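A.B. asks: Provided below are the primary sequence and the corresponding predicted coordinates.
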Amino acid sequence: MSNISDKTFPENFLWGGALAANQIEGAVLEDGKGLTTADALPDGVFGEVSLVPREKYLKKEAIDFYHRYKDDVKLFGELGFKVLRISIAWARIFPNGDETEPNEKGLQYYDDLLDEMKKYNIEPLITLSHYEMPLALAVNYGGWSNRKLIDFFERYVRVVFERFKDKVKYWLTFNEINVILHAPFNGGGIQGNPEEINKSTLYQAIHHQFVASALAVKIGHEIVPTSKIGCMVAGTPVYPLTPSPSDMAETIKKERETLFFSDVQVRGKYPNYMNRYFKENDIHIEITDADKEILKNTVDFISFSYYMSSCATADPELNEQSKGNIASIVKNPYLEESEWGWPVDPEGLRYILNQLYDRYQLPLFIVENGLGAKDELIKDENGNLTVNDDYRIKFLNDHLVQVREAIADGVEVMGYTSWGPIDIVSNSTGEFRKRYGFIYVDRNDNCEGSFERYKKKSFNWYKEVIRTNGKNLV
Ligand code: BG6
C-alpha cells in the first residue's frame with residue numbers, strides 16, 4: 001500500500017515551461033527570415049487564411065522575444081527552470097523552405113538563445129515544427145500534401161541537428177501532430193475548409209509527416225547518438241458519455257483520432273484498425289516500401305499537451321458541445337469550464353498518463369498544460385504591478401497533484417513544461433487577453449503596449465514548486 005509520503009517527483013524531474021517561436025518571437029522578416037503559415041493566420045486557427053499578411057497583427061511582434069530573450073531567459077532562470085521547450089522557426093533557417101543553403105543569421109540566433117539558456121543550466125527541449133512552416137511551401141507546393149516536403153524537411157533537420165548537436169539532447173518532431181485532422185492549414189499548410197478537403201489528400205499529408213518525423217528520429221540518432229527524440233500529440237482523453245455500449249464503441253473511435261498518431265510513431269507501422277477506416281471512407285494513399293522502412297525509426301519517448309478531456313456518445317440527442325482546443329467536443333456535465341469554455345479536468349491527466357503508459361511502456365513528457373485566463377494588472381502593497389492569479393495557481397496545482405498520483409501509479413514521467421510561462425499570443429484565437437503566464441506582458445489585442453514584463457503571484461508559487469520538487473503541492 002502506498003501512503004502519501006511515497007508520492008513524490010523523481011529527483012531529476014524536468015520542470016519548466018513551453019513556448020513556440022511564432023507565438024513569441026515577432027521579428028517576422030528580420031535577419032533573412034521568411035513568412036510562415038502562422039503569419040497567414042492572424043486571427044488564429046479559426047480565422048481566415050490571409051496569404052498576404054496584414055499590415056498589423058499580433059504575431060508580427062508577438063512579445064518581441066527575438067530581441068528580449070536575454071531578459072526572459074533570466075526570469076526563467078530565476079524560476080529555477082530545469083528545461084525550456086522552444087521551437088525553431090523553419091523559415092528562419094530556410095526562408096522559403098526549398099533553398100539548398102541555410103540562412104546563417106537564423107542559425108546564429110538559436111545558437112545565442114541556447115547559450116543564454118546554458119548560463120542558467122536550463123536544458124533545451126526543441127520542437128522542430130510547431131504549427132508553422134515557410135509560407136512559400138504552402139503556397140507553391142500545397143504544404144504537406146506534397147511528398148517533396150519530406151525532402152525539404154530532411155534538409156532542415158539535418159542542418160539543425162548538425163548545428164546544435166553539442167547543445168541539445170531533447171527533441172520533438174511535430175507539435176500536436178494529430179490536430180491536422182481538424183486544422184489542416186495550421187498543422188500542414190493545406191488550404192481549404194477541413195470538411196471539404198479530400199480525405200485521401202489529408203491522410204497523404206499525415207503520412208508524409210509520419211515519414212518526415214521518423215526520418216528526423218533516424219537522422220537525429222545518427223548525428224547525436226545520445227539524443228532523445230519524442231513525438232508530440234494533443235492528449236485529449238475520451239470518456240463514454242453514458243455506460244451504453246454504443247457510447248463505448250464511439251469512445252474507442254474517438255480515441256483513435258489521437259492514438260493512431262502515437263501508434264505509428266511508437267510502433268513504427270500503421271495499426272490494423274486503420275485498414276477498415278481507410279476502406280470505409282474510400283481513402284487511398286501512397287505508402288512505399290521505402291516509407292515502411294523509414295517508419296521503423298521509432299521515438300524514444302512520448303510527449304503530449306493536456307488541456308482537457310472530452311466525451312463521446314452515439315446518441316445525437318445527447319450530443320451537447322463544449323469548446324475544445326481547436327476541435328469542438330461533447331460536453332461533460334460533471335466538469336466546470338474555463339473562461340474560454342474549455343473543460344477543466346485535472347484527473348483526466350492522471351488517466352491519460354496511465355493510458356499511454358499502459359499502451360506503450362515508454363517514458364512520457366507533459367510538454368503543455370495551463371489555464372488561459374484574463375488577468376488584471378494591479379498594484380501590490382509595495383506599489384509593484386502584479387496579478388493575483390490564484391485561479392491559475394489552483395489549476396496548475398490540481399493538475400500537478402494528478403501527475404504525482406500517476407507517478408505513484410508507476411508511470412514514468414520525464415517532466416512537465418507548463419504552457420506559456422510568459423504571456424504569449426494565443427494560437428487558436430490569435431488573442432493576447434488569453435494569458436497563461438507566470439509573467440505578465442504589457443500588450444493588448446490592438447497590438448498596443450510597452451512589452452514590459454511583470455511577475456504575477458503564480459511566479460513565486462511555481463518557483464517554489466520547482467525548488468521543493470513539488471513538495472508544496474496541496
Ligand atoms: C496547443 C498548441 O494547441 O495549445 C499551442 O500547441 C497553443 O501552440 C496552446 O498556444 C494553447 O492554445 P491557445 O489557443 O489558448 O493558444
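C.D. replies: The structure has been received and is ready for your questions. The structure presented is a predicted model; accordingly, all values stated were derived computationally and were not measured. Residues are numbered from 1 along each chain as shown.
A.B. asks: quick one: name the residues of the stretch 301-450 of the chain near the ligand.
C.D. replies: Contact residues (C-beta under 6 Å from any ligand atom) of the stretch 301-450 of the chain with the ligand: 305, 325, 368, 372, 419, 426-429, 434. In this view, the C-beta of every residue, glycine as well, is placed from N, C-alpha and C.
A.B. asks: helices - which of those residues land there?
C.D. replies: The helices, defined by DSSP state H, take in nothing from these.
A.B. asks: which of the residues you listed count as buried?
C.D. replies: Buried residues within those, counting neighbours by 16 or more other C-beta atoms under 10 Å: 305, 325, 368, 372, 419, 426-429, 434.
A.B. asks: of all those, which comes closest to D263?
C.D. replies: If you rank those by distance to D263 using C-beta to C-beta, S305 comes first, at 17.9 Å.
A.B. asks: for the closest residue to the closest one other than its chain neighbours, what are its contacts?
C.D. replies: Of all residues not flanking S305 in the chain, E368 sits nearest, at 3.4 Å (C-beta to C-beta, 6 or more residues apart in numbering). Residues in contact with E368 (C-beta atoms under 8 Å, 6 or more residues apart in numbering) are 18, 304-307, 417-419.
A.B. asks: residue in the protein nearest to the ligand?
C.D. replies: Going by C-beta to the nearest ligand atom, the ligand is nearest to S428 of the chain, at 3.1 Å.
A.B. asks: surely that residue and D43 touch.
C.D. replies: No: between S428 and D43 there is no contact under C-beta atoms under 8 Å: 9.9 Å.
A.B. asks: who in the stretch 151-300 of the chain is up against the ligand?
C.D. replies: Counting by C-beta under 6 Å from any ligand atom, the stretch 151-300 of the chain sits next to the ligand at 175-176, 234.
A.B. asks: helices or strands up against the helix or strand N275 falls within?
C.D. replies: Per DSSP states H and E, N275 falls inside helix 273-280. Secondary-structure packing of helix 273-280 (3 or more C-beta pairs under 8 Å, 6 or more residues apart in numbering; DSSP states H and E): helix 245-267.
A.B. asks: what's the offset of the helix it packs on from the middle of its chain?
C.D. replies: Its chain's C-alpha centre and that of helix 245-267 lie 20 Å apart, by C-alpha atoms, centre = their mean, to the nearest Å.
A.B. asks: specify the angle between it and helix 273-280 in degrees.
C.D. replies: Going by axes from the mean of the first three to the mean of the last three C-alpha atoms, to 10 degrees, helix 245-267 is angled at 110 degrees with respect to helix 273-280.
A.B. asks: which pLDDT value belongs to I329?
C.D. replies: The model reports I329 with a pLDDT of 87.
A.B. asks: so it sits against S310, correct?
C.D. replies: Yes: counting by C-beta under 8 Å, S310 is a contact partner of I329 at 3.6 Å.
A.B. asks: grab the most central residue of this structure for me.
C.D. replies: When C-alpha atoms, centre = their mean is applied to the chain, the residue found nearest the centroid is N175 (4.7 Å).
A.B. asks: sorry, back to before: now tabulate the residues of the stretch 301-450 of the chain next to the ligand in TSV and tack on pLDDT.
C.D. replies: TSV is the format used below for those (pLDDT from 0 to 100):
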residue	pLDDT
S305	98
N325	73
E368	98
G372	98
W419	98
S426	97
N427	97
S428	95
T429	94
K434	98
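A.B. asks: any chance of a markdown table for those, columns distance to W144?
C.D. replies: Formatted as a markdown table, those follow (distance: C-beta to C-beta, whole Å):
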| residue | distance to W144 |
| --- | --- |
| S305 | 20 |
| N325 | 21 |
| E368 | 22 |
| G372 | 27 |
| W419 | 24 |
| S426 | 23 |
| N427 | 18 |
| S428 | 20 |
| T429 | 24 |
| K434 | 28 |
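A.B. asks: now what about the helix or strand containing Y357, what contacts it?
C.D. replies: Using DSSP H and E, Y357 maps to helix 346-360. Contacts with helix 346-360, where a contact means C-beta under 8 Å, 6+ apart, come from 235, 237, 259, 262, 266, 302, 304, 306, 308-309, 364, 366, 369, 395, 398-399, 401-403, 405-406, 409-413.
A.B. asks: for the stretch 1-150 of the chain, give me the ranges with low pLDDT.
C.D. replies: Filtered on pLDDT under 70, the stretch 1-150 of the chain yields the residue ranges 1-6.
A.B. asks: how about the residues of it by the ligand?
C.D. replies: 20, 23, 131.
A.B. asks: so where do the helices sit in the stretch 1-150 of the chain?
C.D. replies: 21-24, 58-61, 65-79, 90-93, 104-119, 135-141, 148-164 (DSSP state H, counting those that start in this stretch).
A.B. asks: in its sheet, which strands sit next to the helix or strand that the longest one is followed by, and in what direction?
C.D. replies: From helix 148-164 onward toward the C-terminus, using DSSP H and E, the following helix or strand is strand 170-174. Strands flanking strand 170-174 in the sheet, each with its direction: strand 123-129 (parallel), strand 228-234 (parallel) (DSSP bridges).
A.B. asks: I'd like to check the angle between the first one and helix 104-119, please.
C.D. replies: Spelled out, that is strand 123-129. Using the same axes, to 10 degrees, strand 123-129 lies at 150 degrees relative to helix 104-119.
A.B. asks: and strand 123-129, what's buried?
C.D. replies: 123-129.
A.B. asks: count the residues that sit near W342.
C.D. replies: 19 (other C-beta atoms under 10 Å).
A.B. asks: do the same with S310
C.D. replies: Neighbours of S310 under the rule other C-beta under 10 Å: 25.
A.B. asks: surely it and L335 touch.
C.D. replies: No: judged on C-beta under 8 Å, S310 makes no contact with L335 at a distance of 9.9 Å.
A.B. asks: identify the contacts common to those two.
C.D. replies: By C-beta under 8 Å, 6+ apart, the residues touching both S310 and L335 are P343.
A.B. asks: so which helix or strand takes in L362?
C.D. replies: Per DSSP H and E, L362 falls between elements, in no helix or strand.
A.B. asks: count the neighbours of it for me.
C.D. replies: As a burial measure, L362 scores 19 neighbours (other C-beta under 10 Å).
A.B. asks: distance of it relative to C231?
C.D. replies: According to C-beta to C-beta, to the nearest Å, L362 and C231 sit 10 Å apart.
A.B. asks: what do those two both touch?
C.D. replies: Both L362 and C231 are in contact with 266, 299, 302, where contact means C-beta under 8 Å, 6+ apart.
A.B. asks: show the contacting residues for the last one.
C.D. replies: Which is I302. I302 touches 230-231, 233, 262, 266, 356, 360, 362-365, counting by C-beta under 8 Å, 6+ apart.
A.B. asks: report the secondary structure state of it.
C.D. replies: Under the three-state scheme (DSSP: H, G, I helix; E, B strand; the rest coil), I302 adopts strand.
A.B. asks: which helix in this structure has the most residues?
C.D. replies: Ranking each helix of the chain by length (DSSP H) puts helix 199-223 first.
A.B. asks: so how far is that one from its chain's centroid?
C.D. replies: On C-alpha atoms, centre = their mean, the centre of helix 199-223 falls 17 Å from that of its chain.
A.B. asks: that one packs against which elements?
C.D. replies: Partner elements for helix 199-223 (3+ C-beta pairs under 8 Å, 6+ apart): helix 148-164, strand 170-174, helix 184-188, strand 228-234, helix 245-267, helix 289-295.
A.B. asks: helices or strands next to the fifth one in the packing?
C.D. replies: With contacts defined as 3+ C-beta pairs under 8 Å, 6+ apart, helix 245-267 has these neighbours: helix 199-223, strand 228-234, strand 238-240, helix 273-280, strand 310-312, helix 346-360.
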